[in-house]
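**Q** Okay, predicted coordinates and the sequence, questions at the end:
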Amino acid sequence: MDSAQREVLQEVEKAWPQQVAYLQALVREPSTLGNEAGVQRLMQGTFREMGLEVHTFEPDLGALSHLRGFSPPEWGYRGRPNVVGIWAAGGTGGRSLVLNGHVDVVSPEPVSQWSYDPWGAQVVGDRMYGRGVLDMKSGVSAMVYAIRAIQAAGLRLKGNVVLQSVIEEECTGNGALACLDRGFIGDGCLIPEPFPEVLVAQVGVLWGRIKVRGSAAHVMSANRAVNAIEKTYALIQAMRELEARLNKEKHPAFREVAWPINFNPAILRAGDWPSTVPAECTLEFRMGFYPGTSAQEAQAMIREQLLGAAARDPWLKENPPEITFFGFQAEGTVVNFQESPVIQTLNAAHQKVTGRALTPFASTATTDSRYFLLYYNIPATCYGPRGAALHGIDEYVELPSVLEVTKVIATFIWEWCGLG
C-alpha cells in the first residue's frame, strides 16, 4: 500500500465521528414507502457539498413499464425522487463505477416491541439501533464517506464514479431501474447491502395476492355457510407444499443453503364483524424462486399450484381464487466468484485492508444488483456492514464493521477506477 492509499485510509479514520453523525441523520429520516423525500433531500445536499454533478428525478412509469425487470407498483412516484451524484474523472484510462444504495426502509411496526426508538439512531456500545440502520443506510454512509476520504486526500480518479441514492429496493426495484434507464451506468457496480461476505447468487422474488370468496351468514347458521378464511388455509398449505418441493430440488448455487426458497403469507384481510361468517379473504404473500426461472414462469408455477389445490376442494373448484401479482417481479442471479472483475477487485481490496479473503455468499433475498447483471451486462455485487434484525425488532449495525467497510470500499474504488 503506497503513501497516497494510506492517506485515504487515514482520512476515513479522521472523518469517522462525522460519518457516525451522518448515519444518525439518515436513520432519523423515516423513509418508509411514500416518505422518502426527506432523506433524499439530505442525500441531494450531501452530493452538492461533495462537488458532484447532481441529478434529481422521479421514476417515470411510462418509460419504465416496457423495460425488462420492471415490477408493477400499485402507487405513484410524485414527490419520491431518486438522487444521483457524478464525480467526474480527473484522468483517463480508468474504469467507471456505480455505487448504488437504497434509502427506503420497511415499517418498524410493531413499535411497542422495540427497546429503542426505531427513528432515534441510538448508539449503545459498538452498536447503532434503528430502522434501516443496517438495511442499508450504514452502507450508504460507507459509500459516501469512502468518496469523501479520497477527495480529502486530494486524489482524483481515472474513471467516473456514479453514486445512486434510490427508492423502492424494498418492493419493486424500480428506483434502480430508472437510474439505469436514464444512462447512469458504469463499467462495474458495488452495492453496500449488509452482507459481510460477497454476493454471488440471489433468488428471484414475487409478490402476489390471493382473493378467496366464501358465503356470508349469521354465525348461528355457520354450518351452512362457507368461511373464506378457512378456505384460504388450503391455499396456504398448497404454497407450503410448493415451498418444500423447491427446497428439495435445489439450484446448484444454493446447495449449501439449508432453506433457500421461502414462502411468506404476510397480510391477511377478511371479515368485518365477529358474528358474521366472512365472505371474502385476501392474502398477500411473498414467494422465492430460483435463478434461471423467469418471473412469468414463476407466476405460472404458483397459479398451477394454487388452482390445483382449489380443484380438490368442492367449494373452491366452483369458486376458484383470484390470483394476481404486484410489486416484486425480481428474477434471480448467479455470478462466478473467480470470473467477476468486480468481485476479484473487491476481494483484493478486502484482503489489503483486513488481511482476510472474502467468501462467496448466496442470498435467499433479492437486491438491486439483478438489474445491472441481467439487463445491462454490468458486473455487480453486494458487500457491506454487519449487524442483525433487518426488517425485525431492534435492528442494529455493528459500527466497527461500518468503519472497516468504508475503508474497503475506498480501497476498491481506487483499485477499480485507478488514481489519476
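**A** Nice, I can see it.

**Q** For this protein, give me the ranges with low pLDDT.
**A** 1 (pLDDT under 70).

**Q** Domain map for it?
**A** Listed by automatic domain parsing, the domain ranges of the chain are 3-201+333-417, 204-330.

**Q** Assign a three-state SS to residue 183, would you?
**A** Of the three states, residue 183 takes coil under DSSP: H, G, I helix; E, B strand; the rest coil.

**Q** What are the boundaries of the helices in the stretch 1-150 of the chain?
**A** 3-14, 16-27, 37-49, 61-64, 138-152 (DSSP state H, counting those that start in this stretch).

**Q** typed the wrong thing, it's the stretch 301-420 of the chain
**A** Under DSSP H, counting those that start in this stretch, the stretch 301-420 of the chain gives helices at 314-318, 341-354, 369-370, 399-417.

**Q** JSON lines for those helices, including distance to residue 185 and mean neighbour count?
**A** For glycine as for every other residue, the C-beta is placed from the backbone atoms N, C-alpha and C. Formatted as JSON lines, the helices of the stretch 301-420 of the chain follow (distance: least, Cβ to Cβ, whole Å; neighbours: other Cβ atoms under 10 Å):
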{"stretch": "helix 314-318", "distance to residue 185": "47", "mean neighbour count": "14"}
{"stretch": "helix 341-354", "distance to residue 185": "14", "mean neighbour count": "19"}
{"stretch": "helix 369-370", "distance to residue 185": "14", "mean neighbour count": "24"}
{"stretch": "helix 399-417", "distance to residue 185": "14", "mean neighbour count": "23"}
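
**Q** The ones you listed: which one's closest to residue 74?
**A** For those, the distance to residue 74 is smallest for helix 369-370, at 21.1 Å, taking Cβ to Cβ.

**Q** Give the other helices and strands that the closest one contacts.
**A** Contact partners of helix 369-370 among helices and strands, from 3 or more Cβ pairs under 8 Å, 6 or more residues apart in numbering; DSSP states H and E: strand 198-202, strand 380-382.

**Q** State whether residue 87 and residue 52 are indeed in contact, as I suppose.
**A** Yes. Using Cβ atoms under 8 Å, residue 87 and residue 52 qualify as a contacting pair, with a distance of 5.4 Å.

**Q** Give the intersection of the neighbour lists for these two.
**A** Jointly contacting residue 87 and residue 52 under the rule Cβ atoms under 8 Å, 6 or more residues apart in numbering are residue 163.

**Q** the more surrounded of these two?
**A** The residue with more neighbours, out of residue 87 and residue 52, is residue 87; 24 against 21, by other Cβ atoms under 10 Å.

**Q** mind listing the strands for the stretch 101-250 of the chain?
**A** 122-124, 127-129, 161-166, 189-191, 198-202, 204-213, 217-218 (DSSP state E, counting those that start in this stretch).

**Q** For the longest one, give me every contacting residue.
**A** What it means is strand 204-213. By Cβ under 8 Å, 6+ apart, strand 204-213 touches 171, 228, 231-232, 235, 279-291, 293, 295, 298-299, 302, 306, 316, 319, 321-332, 365-366.

**Q** Look up the closest residue to residue 274, ignoring the ones flanking it.
**A** In space, and not counting its chain neighbours, residue 274 is closest to residue 219: 7.9 Å by Cβ to Cβ, 6 or more residues apart in numbering.

**Q** Residue 267 too?
**A** Of all residues not flanking residue 267 in the chain, residue 284 sits nearest, at 4.1 Å (Cβ to Cβ, 6+ apart).

**Q** Show me what the host helix or strand of that neighbour is in contact with.
**A** Using DSSP states H and E, residue 284 maps to strand 280-289. Contacts with strand 280-289, where a contact means Cβ under 8 Å, 6+ apart, come from 203-214, 228-229, 231-232, 235-236, 239, 242-243, 246, 260-271, 298, 301-302, 328, 332, 364.

**Q** give me that answer again for 7 Å
**A** 203-214, 228-229, 232, 239, 261-270, 298, 302, 332, 364 (Cβ atoms under 7 Å, 6 or more residues apart in numbering).

**Q** and the angle from it to strand 204-213?
**A** Angle between the axes of strand 280-289 and strand 204-213 is 160 degrees (criterion: axes from the mean of the first three to the mean of the last three Cα atoms, to 10 degrees).

**Q** roughly how far is strand 280-289 from the heart of the chain?
**A** Distance of strand 280-289 from the chain centroid (Cα atoms, centre = their mean, to the nearest Å) equals 19 Å.

**Q** Using neighbour counts, pick out the buried residues of stretch 321-338.
**A** Along stretch 321-338, these residues count as buried under the neighbour rule (16 or more other Cβ atoms under 10 Å): 321, 323, 325-335, 337.

**Q** taking those residues one by one, which sit in strands?
**A** 323, 325, 326, 327, 328, 329, 330, 333, 334 (DSSP state E).

**Q** how about those in TSV, adding distance to residue 82?
**A** TSV is the format used below for these (distance: Cβ to Cβ, whole Å):
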residue	distance to residue 82
323	32
325	24
326	21
327	18
328	18
329	20
330	18
333	22
334	27
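
**Q** Tell me the one of the residues you listed nearest residue 94?
**A** For these, the residue nearest residue 94 by Cβ to Cβ is residue 333; the value is 26.0 Å.

**Q** So in terms of bridging, what pairs with the closest one?
**A** residue 202 (DSSP bridges).

**Q** same thing with residue 98?
**A** With DSSP bridges applied, residue 98 shows beta-bridge pairing to residue 162, residue 189.

**Q** burial of residue 279, as a residue count?
**A** The local packing of residue 279 (other Cβ under 10 Å) involves 18 other residues.

**Q** swap that for residue 272, please
**A** Using other Cβ under 10 Å: residue 272 sits among 9 other residues.

**Q** same deal with the one 5 residues further on?
**A** For residue 277, the count of nearby residues is 22 (other Cβ under 10 Å).

**Q** That one is in contact with residue 227, isn't it?
**A** Yes. With contact defined as Cβ atoms under 7 Å, residue 277 and residue 227 form a contacting pair (5.3 Å).

**Q** Common neighbours of these two, please.
**A** Common neighbours of residue 277 and residue 227 (Cβ under 7 Å, 6+ apart) are residue 214.

**Q** Please state the offset of stretch 237-250 from the chain centre?
**A** That offset, for stretch 237-250, works out to 24 Å (Cα atoms, centre = their mean).

**Q** Great, nothing more from me.
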